[in-house]
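Asker: After the sequence you'll find the predicted model.
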Number of protein chains: 2
Amino acid sequence: MDVHGRDLRYFAVVAEELNFTRAAERLFVSQPTLSKQIRMLEKQLGACLFHRDRRAVRLTEVGEALLPHARGTLAAWEAAEAAVEKASAAARHTLVIGMSTSPGRGLLPALRTRLVSRHPDATPVLRQVNWADPSAGLADGSSDVAFVWLPLPDGDRYQYAVVAQEPRLVALPRGHPLAARAAADPEGAVDFVDLLDEPFLALPPQAGPLREYWLALDARGDRAPRIGGVVASAEETHEAVANGQGVALLAVGNAPLVVRDEVIAVPVRGVSPSRLAVAARRNDERPLVLAYLAAAAKAGAGTS
Amino acid sequence: MDVHGRDLRYFAVVAEELNFTRAAERLFVSQPTLSKQIRMLEKQLGACLFHRDRRAVRLTEVGEALLPHARGTLAAWEAAEAAVEKASAAARHTLVIGMSTSPGRGLLPALRTRLVSRHPDATPVLRQVNWADPSAGLADGSSDVAFVWLPLPDGDRYQYAVVAQEPRLVALPRGHPLAARAAADPEGAVDFVDLLDEPFLALPPQAGPLREYWLALDARGDRAPRIGGVVASAEETHEAVANGQGVALLAVGNAPLVVRDEVIAVPVRGVSPSRLAVAARRNDERPLVLAYLAAAAKAGAGTS
DNA sequence: GGACGTCCATAGCCCATGGCTATCACAACA
DNA sequence: TGTTGTGATAGCCATGGGCTATGGACGTCC
């Protein structure tokens, strides 16, 4: 049914040389090995391929019929190998960068510059990922590296470099009572304790620890949050806040995406700052990935 | 470098199903076997072919690039198999019949008729072989069956059926003294003892026992023959006899090919008759070969 | 929330395959 | 007659490619 490509090579060379010993030398195998393999091939095909009378080896009719097809099959496989080589070289030079919302802060161009200075043929590709996946595509392999918010679920499966650490804001409807209070505040901020009774917009349950983080569970003690709705993108968040479904904690970097029209954002005292990191799978040690992480670590050191 | 065709099949089916378990069922192998083989293929190519995140299997870029070539290679091999099948079917139905000179006596059409009555798709092919090879192509495989003169060198390597047994003649120049003596003889014959001092034309040395047979060594006692020349065909024999190089024993069936112009042939008393047989290699038990031998045996029974 | 089903990976076993060396058999040739 | 060249054979060993059993990660359903 199937053949090993090797057997076709063997056959083709023997057919050229018409001499097992010389063919074996060309193929870097021993002559008995070659003899045996050709016999196996003949057995498999149920037909003799070579006449071996004492003196000379020559192709039978069947061998003659097989030869061009054998060469064709070998050529087809070589083309396949070439295609794989080309595609895999492209894959090796492509770095898919996952992100839920643009990290902003000039990070992307900065990291890109550092990456290509080290790997001139690298071609970074940006990929937008839904908030439902806090790993921004790392978990399912659709990203090679990703901008993620810490803490990451299954954190020990990833390696990361923190690139930004900033206070968190809360997004409110412009008419919300707390908006007025913030306006009166010397820092223009609110205290988290004043938010405890507000309904909160939450990430989807799959987000795991990240959902808890943006609900600031650690700052609530044992008081469970009220969930006003589930959101999976900046756009949904804007809508839900504007509609009064609830309020939501925000990273500074994401504020521009949510704040407009009837939605404002004000700083919150009493919650830990948010941390944005570039992450990759821990076992992923491809040069491009490591280079991007290194670039991120440098950028993080500069900004934090 | 090389691939086993099987691995390409495996890959193609997995790429279609995008599910190892189902693919394994279609391929009639266990799922672990399939997994392992695909991994081996990936290792060999040095590139991932499938993304396996928990839930779904899908092709990588490299896999995508390989798939059409894999199919192409498989198709090329299938074409090769078909060509081999066709050629080997033709070979199975072809019977190469070796002969040094036409056996005459209506044997060829008779045997052909019997052969095709048993094997309607058989196509007998006649092949002329030099007298230098007494096995008429059996020894080197260029004939499947052959008309041969007994005794055959390496006789135990062949199976045969005698198809004719006839007195031997001697070919003489028309002006030879023995020609006159034969004309005077009541049977128109000569005695072999009268030929003992004549120079004889002999077959090439490779003909072995057959050379000795046509020199009638057994009828000479210890008197070595004089060799007047070596001949390897009816035409050469005619020329050599006409030129007076020597005389030659002949089978009745071959006389018409040698006798003309200045060469005549007369019966010889005192030598054993010649025996013409259809032979094949002893270990050759292909149906067509056996059928031809059987037909020959029947013909021999009728004529001897 | 626990029991089950699905699906891929791993571990461990077994035999056929494909490689090797050494040697034989046979024809050609010197 | 011995030497050379060539293919086949024998016997050995490592690997490959198959299997079963099992694990682990999700979904799904009650």
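Answerer: Good, I have the coordinates. Numbering: from 1, shown residues only, chains lettered A, B, ... in the order given.
Asker: And the helices in chain A?
Answerer: Listed in chain order, the helices found in chain A under DSSP state H are A:5-17, A:20-27, A:31-45, A:61-93, A:107-118, A:177-184, A:209-214, A:234-242, A:255-258, A:287-303.
Asker: now these as a markdown table including mean neighbour count and distance to residue B:12?
Answerer: For glycine as for every other residue, the C-beta is placed from the backbone atoms N, C-alpha and C. Putting these into a markdown table (neighbours: other CB atoms under 10 Å in any protein chain shown; distance: least, CB to CB, whole Å) gives the following:
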| stretch | mean neighbour count | distance to residue B:12 |
| --- | --- | --- |
| helix A:5-17 | 21 | 15 |
| helix A:20-27 | 17 | 28 |
| helix A:31-45 | 16 | 21 |
| helix A:61-93 | 18 | 11 |
| helix A:107-118 | 16 | 36 |
| helix A:177-184 | 14 | 62 |
| helix A:209-214 | 20 | 40 |
| helix A:234-242 | 19 | 42 |
| helix A:255-258 | 19 | 45 |
| helix A:287-303 | 18 | 30 |
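Asker: Can you tell me which of the ones you listed is nearest to residue B:295?
Answerer: When those are compared by CB to CB, helix A:61-93 sits nearest residue B:295, at 24.0 Å.
Asker: Which of the helices of chain A sits closest to residue B:258?
Answerer: helix A:61-93 (34.9 Å).
Asker: How about that closest one and DNA strand D, touching?
Answerer: No: counting by CB under 7 Å from any atom of the strand, no contacts exist between helix A:61-93 and DNA strand D, the nearest distance being 13.1 Å.
Asker: That helix packs against which elements?
Answerer: In terms of contact count using 3 or more CB pairs under 8 Å, 6 or more residues apart in numbering or on different chains; DSSP states H and E, helix A:61-93 is assigned the packing partners helix A:5-17, helix B:31-45, helix B:61-93.
Asker: related to what we said a few turns ago, any chance of CSV for the helices of chain A, columns mean pLDDT?
Answerer: Shown next, in CSV, are the helices of chain A (pLDDT from 0 to 100):
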stretch, mean pLDDT
helix A:5-17, 91
helix A:20-27, 89
helix A:31-45, 90
helix A:61-93, 91
helix A:107-118, 89
helix A:177-184, 84
helix A:209-214, 79
helix A:234-242, 86
helix A:255-258, 83
helix A:287-303, 81
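Asker: Distance to residue A:264 added to the ones you listed, as TSV?
Answerer: What follows is those, written out as TSV (distance: least, CB to CB, whole Å):
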stretch	distance to residue A:264
helix A:5-17	67
helix A:20-27	77
helix A:31-45	77
helix A:61-93	44
helix A:107-118	25
helix A:177-184	6
helix A:209-214	18
helix A:234-242	9
helix A:255-258	9
helix A:287-303	26
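Asker: Report pLDDT for the closest residue to DNA strand C within the stretch 151-300 of chain A.
Answerer: Distances from the stretch 151-300 of chain A to DNA strand C, computed as CB to the nearest atom of the strand, single out residue A:283 as the nearest residue at 11.2 Å. Here the pLDDT value assigned to residue A:283 is 76.
Asker: How about the contacts made by it?
Answerer: With contact taken as CB atoms under 8 Å, 6 or more residues apart in numbering or on different chains, residue A:283 is in contact with no other residue.
Asker: backbone phi and psi for it, please?
Answerer: phi -80, psi 0 (degrees, to the nearest 10).
Asker: How much space separates it from chain B?
Answerer: According to CB to the nearest CB, to the nearest Å, residue A:283 and chain B sit 14 Å apart.
Asker: got it, and residue A:198?
Answerer: Taken as CB to the nearest CB, the spacing of residue A:198 relative to chain B amounts to 36 Å.
Asker: Tell me who's in contact with residue A:175.
Answerer: Listed by CB under 8 Å, 6+ apart, the contact partners of residue A:175 are residue A:262.
Asker: which phi and psi does it have?
Answerer: Given degrees, to the nearest 10, the pair of backbone angles that residue A:175 has is phi -90, psi 10.
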